[in-house]
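Participant: just the structure for this:
(chains A and B)
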Amino acid sequence: MNTLLSDKHRTVRRSVRNFCERELRPIAKEIDQEARFPWEIVEKMGNLGFFGVQVPKDLDGAGMDSVGYAVVIEEISRVCASLGLCISVHNSVVIHPLLAFGSEEQKQRWVPPLARGEKIGAFCLTEPNAGSDAAAIEATAVRDGDHYVVNANKVFVTNGGIADVCLFFVRTDVKAGRKGISVIVAERGTPGFVVGDLEDLCGMRANPVSSIRLYDCRLPAENLLGKQGMGLRIGLSGLDAGRIGIAAQAVGIAQAALEEGVRYARQRHQFGVPIGKHQAVQMMIADMATQVDAARLMVYRAALLRDQGKPFSQAAAMAKLYASETSSKVADLAVQIHGGYGYSKSYPIERYYRDARVTRIYEGTSEIHRLVIAREVLGQ
Amino acid sequence: MGLHIIVCIKAVTLEPPRGQLIRSVDSLELNPFDWPALEVALRIKEERGGTVTALTMGSEDSVFVLYEAMAMGVDRGVLVCDRSLAGSDTLATSTALAAAIKKLSPFDLVLFGTRTADSDTGQVGPQTAVALDLPMVTGAHSIQWTDSGIHVERYADGFREEFKLSLSVALTIHPRSIQPRGLRLSGIELAFEEGEVEKWDLAELDLSPDRVGWAGSATRVLSWKRVTRERKCEFISGTANEQVQELVSRLKKSGFIG
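Facilitator: Sure thing, here's the model as predicted:
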């Protein structure tokens, strides 16, 4: 499976895998059970460049390409999807828009500490009444001299409990519909910036997902990203990049589930033989391995297109859709192979099963992705 | 001229062999015992300046270990690669490495891991030192610099040994003596962007094929098969005190304690 990758990307895979096996594997179960963000490992990951994978070197990033980025996210998620999620969101939908739409001053101010992992980023789009319909957001930013006064209630914010630099999608023109949305950066600690309770989630429990509210929060006008009214464009651009990250994350979870399924099929004996000798289990393993392989190839293709400067939106949407659906299916089959033990917290497969599920929901549901793909295919 | 440190490293197989050992790019990794040797070299470079060269012998597929070493901070990578090297045992490997190290002269330190994770002999370091007529300390734990050379410490069988050595010196580095740094993504990017690996064949080393490979090997592995150890499970009965006494006496008898 790895032969498609260059020597550089294989080296990335080996080194990230070694790090995750050594540092992350021993705590992955515990941080899931305790719903605890592992600060103890973040500094190490920051030193290795995981928080600024595609950030140019002059802004303290690693300067890698998208394929390298996909490999990093895949390998982290193979061991701990919660941290894969943290790093994917941080890199794809926070840093990428700052790099793509930020002024030179904004990049210099926010990107280096984010790339070093000293600050954590969050993407604040979803609201109680706006999710898939991003244009329905109700958060407002009203210009007052050289500031904006922002009121917002953002929910299900990945990294919400720990984020320092947050991209807020707000309405700057209430009459302009889709064109009245802008992105403004709010930093934790600004008066009026309030972090809500952490969500008690089914999966991805080590990621502190929370609501973030801004109450009459005065943000300097220079915190506006791009121009007023560019919000949806910025958001979609971030989500395009984000799809590769989430798809890679789903592949990592699926790979982990496949490995657990195979391990158990070799080890568990029934009717006098390892259950992997039974055709029913072999059929499952074959489907799982094939689908993981296909999902991985789709992710790498999307990443490669992006690296080549070619349109990658459609490929990324397909990869996100297929990889997230695959991770759920593969985790489900791996639970089935485990039988009753798969439903127990004694084995890691139940965590992968829970973690996989949400990849079909966040950063665009499977249904929204199908709409996007179909419109493109139909030329609508 | 600054210090020149040469670190000999190897690509080892990740998977235990099933039948014949097949080395391929996806089943290899840098020998885990070599990471500490690289780390020692890089710390010396950071403290005292100089250059670090990583040297490996193997097929073209092994070249990645040199890029990994460069990603860590090594300055130069050399791959000794020739079809005639296939089948080399530890003696033939040491002969080839010694020839490459001579070509890399002048040097001050030659470092090795204590052993490799796949063949596990621990012979290549010492044999190479002999071939180069260098003083060697195996399993070095720490290195202090003195006016005339280095002061090396090693721990063995409950004793601490100290050695005073004049350069040039060969050492194998104890795996628990130092925590190797991880590979930074920016280091990997830089190594593959700017790093260059030199490839040397036997002609460049001025070695005749009969001194290496099968021809130059003093040993032959006759067969290779997996050995699994039978595990026994036995319950000791009696009161807690009786169980403890019985367990202790059995452990004593077996030589595990006492």
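Participant: how about the closest residue to residue A:100 other than its chain neighbours, secondary structure?
Facilitator: Computed as C-beta to C-beta, 6 or more residues apart in numbering or on different chains, the closest residue to residue A:100 that is not its neighbour in sequence is residue A:237, at 5.9 Å. In this view, the C-beta of every residue, glycine as well, is placed from N, C-alpha and C. Under the three-state scheme (DSSP: H, G, I helix; E, B strand; the rest coil), residue A:237 adopts helix.
Participant: and residue A:237, how many neighbours?
Facilitator: Residue A:237 sits with 18 neighbouring residues when counted by other C-beta atoms under 10 Å in any protein chain shown.
Participant: what residues are up against it?
Facilitator: Residues in contact with residue A:237 (C-beta atoms under 8 Å, 6 or more residues apart in numbering or on different chains) are A:96, A:97, A:100, A:101.
Participant: among these, who's most crowded?
Facilitator: residue A:97 (26 neighbours).
Participant: quick one: distance of the helix or strand hosting that one to the chain centre.
Facilitator: Residue A:97 is part of helix A:96-101, with elements assigned from DSSP states H and E. Here helix A:96-101 is found 16 Å from its chain centre; the criterion is C-alpha atoms, centre = their mean, to the nearest Å.
Participant: what of stretch A:116-136?
Facilitator: Mean C-alpha position of stretch A:116-136 versus that of the full chain (C-alpha atoms, centre = their mean) differs by 12 Å.
Participant: pull up the distance across that stretch, start to finish.
Facilitator: One end of stretch A:116-136 sits 34 Å from the other (C-alpha to C-alpha, to the nearest Å).
Participant: still on that earlier bit, okay if I get the contacts of residue A:237 as CSV plus pLDDT?
Facilitator: Below are the contacts of residue A:237 laid out as CSV (pLDDT from 0 to 100):
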residue, pLDDT
A:96, 96
A:97, 96
A:100, 95
A:101, 97
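Participant: next, count neighbours for the closest residue to chain A within the stretch 51-200 of chain B.
Facilitator: For the stretch 51-200 of chain B and chain A, the shortest gap (C-beta to the nearest C-beta) falls at residue B:185, measuring 3.5 Å. For residue B:185, the number of neighbouring residues by other C-beta under 10 Å comes to 26.
Participant: same question for residue A:378.
Facilitator: Around residue A:378 there are 7 other residues, counting by other C-beta under 10 Å.
Participant: returning to that earlier point: my read: the residue of the stretch 51-200 of chain B closest to chain A touches residue A:71, true?
Facilitator: No: with contacts counted by C-beta atoms under 8 Å, residue B:185 stays clear of residue A:71, the gap being 10.1 Å.
Participant: who touches both of these two?
Facilitator: residue A:12.
Participant: would you map the helices across chain A?
Facilitator: A:7-19, A:25-34, A:39-48, A:66-79, A:81-89, A:96-101, A:104-115, A:231-267, A:279-307, A:313-338, A:349-358, A:366-378 (DSSP state H).
Participant: packing partners for the fourth one?
Facilitator: When you say that, I think you mean helix A:66-79. Judged by 3 or more C-beta pairs under 8 Å, 6 or more residues apart in numbering or on different chains; DSSP states H and E, helix A:66-79 is in contact with helix A:7-19, helix A:81-89, helix A:231-267, helix A:279-307, helix B:185-194.
Participant: tilt between that helix and helix B:185-194?
Facilitator: 140 degrees (axes from the mean of the first three to the mean of the last three C-alpha atoms, to 10 degrees).
Participant: sweet, I'm off.
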